[in-house]
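S.K.: here is the input, now give the coordinates:
(chains A, B and C)
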Amino acid sequence: MVTQKKRNRILTVIAILFLVAFIGFAENNLDLYIVRILNVCAIYAILGMSMNLINGFTGLFSLGHAGFMAVGAYTTALLTIPPAVKKQIFYLAPLIEPLDRINLPFPLALLVGGILAALVGALIAAPTLRLKGDYLAIATLGFAEIIRVVFTNTQTITNGALGLKGIPALTNLWWSFGTAAFTLLVLLSLINSSYGRALKAIREDEIAAESMGINLAKHKTLSFVIGAFFAGIGGGLLGNLLGTIDPKMFSFTFTFNILLIIVLGGMGSLTGSIISAFIVTIANEYLRFLDERINLGFFVIEGKVGMRSVVFSALLMFVVLFYRHGLMGSKEFSWDRFLAGTGQLYQRTLGRLIRRPRKGGYAG
Amino acid sequence: MSLLKLEEIAMWFGGVAALKNFNLEVAPGEIVGLIGPNGAGKTTVFNVITGVYKPTRGRVFFMDREITGLRPDLIAKAGIARTFQNIRLFKGLSVLENVLIAHHLHLKANYLEAILKLPGYRKEERRMREQSLALLERVGLANLRDEPASSLPYGLQRRLEIARALATNPKLLLLDEPAAGMNPKEADDLTEFIAQIREEFALSILLIEHHMNVVLNISERIYVLDYGMMIASGRPEEIQNNQRVIEAYLGVNEDVED
Amino acid sequence: MAFDLFLQHLSNGISLGSLYALIAIGYTMVYGILRLINFAHGDIFMMATYFAFFGIVTFQIPWFITFPLVLVLTAALGMGVEAVAYRPLREAPKISILISAIGASFFLENLTIVLFGGVPKPFPAPKLFTDVVQIGTVSIQKLTFYIPVVTLLSLLGLVYLINKTKVGMAMRAVSMDQEAARVMGINIDHTIAFTFGLGSLLAAVGGIMWGMKFPQIQPLMGVIPGLKCFIAAVIGGIGNIGGAVIGGFILGIGEIMLVAFLPNLTGYRDAFAFVLLILILLYKPTGILGEKTAEKV
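M.R.: Coordinates of the predicted model:
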């Protein structure tokens, strides 16, 4: 007899195998457009989970996530663009040494991007984490804007407003989905550990948490830094997917889109953020017809102008007003609930049709 | 030797003195009561001890070490735990998680070890769970371990808060009106309970209470506060007959049970 | 630098500061009464300029009729946003209302883009205001002098309203203690709505003058000034109207002076406000005129 736990494990393994097979198939056979969307979905999942750690699990209202993404994206891009291309794009002012010569393998570049973003997170954490609620929100927003302004003005490092082009397209489904899976595993492990509980305690009641011996500054910084790390990696993956990045991309709008994703998915649920990232990205594409403007590529992240954004912000308001807990609330995906839910759904719809009505009219 | 010593504590908020020239001592193993009319400053005393407020003047000593104005988490690590007048449980978390969290301060493993689930961490996690469950058993909440804390009835929430405080392995326990809202029977049970945990957990206890029965029956000594100043201190019998104390309380307290 | 050049910079700084002050007041009043950052405030300011554009250009209504109309419309818009986006969430956790505020802001911005297009439009400024006067070697717009005057008059009106009228007293009461005010018979919903309307009206005054001074309007024009004005309110002491004015001037004059004396840092002029913000939050989080409030434990 298979126990519930065993059944769940088997289901998870089957799901993973299926996913791996799907990725293998997709990489080679699916339309490039669809592959790109899938990549964006996975990257948004990473960005969503990392922001959820800070905002949803630790309860810190941080609006500076775009800043971390920018640091990661620029770092990875600068480390992977071939030196010859760098010479071309830095035509207003040459890139400083030794960046103009460095070229690192993709995984290493991603890692460095993540680490740098984490460092920035640590720097920002120190002054801002004793602020509460709204103040923290504005301060983190301020820092993200400062980062953006600095990137726009440091011609010799970031190429200023021109941005970076010719970033090698190193991101593929293996990288994006793989990193997303890795992020999920790490964050799940953190959340389910004593440290994760400490973060949730801080979210629930800071004063009580501190009185129970939890060092607020240390734990808030931990959350911030880890969130920034994954945001940086997500940013790096994004840069190497799109091929070009510029400071305008990493505006507050970007952070807002991630915020939308984590609110929709449920602020305390990692799997919720993943599901929501996929839904939002795909819906964003599908609703493209609402836009009046013609867009080159489908940069989901650029400040999307037009009807689509109107719909999205209205959607966010709707969710916040009526479904505050989002899709999953603070629960993670579980096979038990999924199967139970699907079973119920079946009972109520197809089941009614298939069951034969008894004599006397009414189906049990 | 005193376990806890407050020396000439003054606490000013703007122009208002919440505490003035306040002195207090708790000896190891003692149960000391802190009473006074509403607004007398009792919870402020707790907040000064636990570092939530830094006193305007005066010093706090714990086990002969000065702890004045230290961060609350350091004071918890030093061995002082508390409950709150308005119950500050981690509402969205389960009963078990509330108690587990209080074990975190003793965790030796760092966050990387926790994420990687290294054996050292796993062992500590198992121990924390065992201890938490044992504590929940002791207070009779084990069967509710997975319920969200907010779903508990008021009385059980208070018990959970005490269990959570005990989980930090304190030497001194500060209880802020643990009997609030209880009927006489429950208050008696609580009195019994406090006496028991003092023995079982080798605690000293400082207790704020309005339920006179509880305080008078269980305290070895009592301090009386009024308008931020201590107006009397001594054994329960002395306090009961103290004219100033009676005057301070006149017209207050429907829940004095005679 | 030459004195008249300095005078030009100073007058620009004072003008800019006045405009920032007018907008900052809206933020500080709403925060004082609801402890909420009205993210949509900057966009309400932007909508005022578009209302004016609509009135003067599309409907050809003369400016002296359009402008007062804009004030009324913008006030109504502000009250509308409050009713739809904030009032239903009064009892909700803080984070919901903050998200709703951001959502409202984005909604307004994108709606404007959809309705009017994202391309900047020229603001129809009446010649009366844009005429220039010569002082020494520099020419300064008459508007640059009108702005502080109008601002001052508005402030005087505001101070009178807050301190000498019943509704002003209600506003002060609600921002100090909502429950007590309710118990005293003050209609909280009306008072809050009025606060939003008033703040939006002042933002409209600022918006019209801004439109005339920087005669280009576009749907996202309220974002950066909005953020800066909130920062101005924080610097001055959030919840304190005098503080918002002081903060507005510090930011306005400081920004112009930065660009004037350190032209290499012109690209960083927007970051100036954020740097100031971080500094204030680090060293005096309650702001220049603010008071500390302790949380009851």
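
S.K.: show me the shaky parts of chain A.
M.R.: Applying pLDDT under 70 to chain A flags residues A:1-2, A:289-306, A:351, A:354-364.

S.K.: for B:A18, helix, strand, or coil?
M.R.: Three-state call for B:A18 (DSSP: H, G, I helix; E, B strand; the rest coil): strand.

S.K.: give me the number of residues near it?
M.R.: B:A18: 24 surrounding residues under other CB atoms under 10 Å in any protein chain shown. The way it works is simple: take the backbone N, C-alpha and C, and place the C-beta from them, glycine included.

S.K.: got a list of what the nearest residue to A:R148 once chain neighbours are set aside touches?
M.R.: Leaving out its chain neighbours, the residue that sits closest to A:R148 by CB to CB, 6 or more residues apart in numbering or on different chains is A:P247, at 5.0 Å. Contacts for A:P247 (CB atoms under 8 Å, 6 or more residues apart in numbering or on different chains) come out as A:70, A:148-149, A:151-152, A:158, A:160-161, A:163.

S.K.: same question, A:A139
M.R.: Counted by CB under 8 Å, 6+ apart, A:A139 has contacts A:127-128, A:131, C:277-278, C:281.

S.K.: change it to 10 Å
M.R.: A:61-64, A:124, A:127-129, A:131, C:231, C:234, C:274, C:277-278, C:280-282, C:285 (CB atoms under 10 Å, 6 or more residues apart in numbering or on different chains).

S.K.: buried subset of those residues as a PyMOL selection?
M.R.: Here is the PyMOL command that picks out the buried ones among those, judged by 16 or more other CB atoms under 10 Å in any protein chain shown:
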select buried, (chain A and resi 61+62+63+64+124+128+129+131) or (chain C and resi 231+234+274+277+278+280+281+285)
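
S.K.: so which of the contacts of A:A139 belong to strands?
M.R.: Assignment to strands by DSSP state E places none of the contacts of A:A139 there.

S.K.: closest point of chain A to chain B, which residue?
M.R.: A:G213 (2.8 Å; CB to the nearest CB).

S.K.: neighbours of that residue, just the number please.
M.R.: So A:G213, with other CB under 10 Å, has 27 neighbours.

S.K.: my guess is it contacts B:A76. True?
M.R.: Yes. The criterion here is CB atoms under 10 Å, and A:G213 meets it with B:A76 at 3.6 Å.

S.K.: about what we covered before: among the contacts of A:P247, who's most crowded?
M.R.: The most crowded member of those, judged by other CB under 10 Å, is A:A70 (29 neighbours).

S.K.: what are the phi and psi angles of the closest residue to that one other than its chain neighbours?
M.R.: Excluding its sequence neighbours, the residue lying closest to A:A70 (CB to CB, 6+ apart) is A:F250, at 3.8 Å. With angles defined as degrees, to the nearest 10, A:F250 sits at phi -90, psi 50.

S.K.: for A:F250, give me its contacts.
M.R.: By CB under 10 Å, 6+ apart, the contact set of A:F250 is A:65-71, A:73-74, A:144-145, A:147-148, A:151, A:235, A:238, A:301.

S.K.: give the buried subset of those as a PyMOL selection command.
M.R.: Remark: buried members of these, expressed as a PyMOL selection using 16+ other CB under 10 Å:
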select buried, chain A and resi 65+66+67+68+69+70+71+73+74+144+145+147+148+151+235+238+301
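
S.K.: from C:P219, how far out is the residue nearest to A:R148?
M.R.: Shown here: A:P247 relative to C:P219, a distance of 20 Å by CB to CB, to the nearest Å.

S.K.: and C:I147, by the same measure?
M.R.: 23 Å.

S.K.: A:F230 contacts A:T183, doesn't it?
M.R.: Yes. Between A:F230 and A:T183 there is a contact under CB under 10 Å: 5.3 Å.

S.K.: residue 206 - nearest residue in space that isn't next to it in sequence?
M.R.: Since you didn't name a chain, this refers to chain A. The spatial neighbour of A:E206 that comes closest, neighbours along the chain excluded (CB to CB, 6+ apart), is A:L216 at 6.3 Å.

S.K.: wrong one, chain C
M.R.: C:L22 (3.6 Å).

S.K.: which SS state does the residue positioned nearest the centre of chain B fall under?
M.R.: By CA atoms, centre = their mean, chain B has its centre lying nearest to B:L174, at 2.0 Å. The three-state label for B:L174, taken from three-state DSSP, comes out as strand.

S.K.: ok, it - contacts?
M.R.: The contact partners of B:L174, taken as CB under 10 Å, 6+ apart, are A:211, B:4, B:26, B:34, B:43, B:45-47, B:49-50, B:80-84, B:165, B:204-208.
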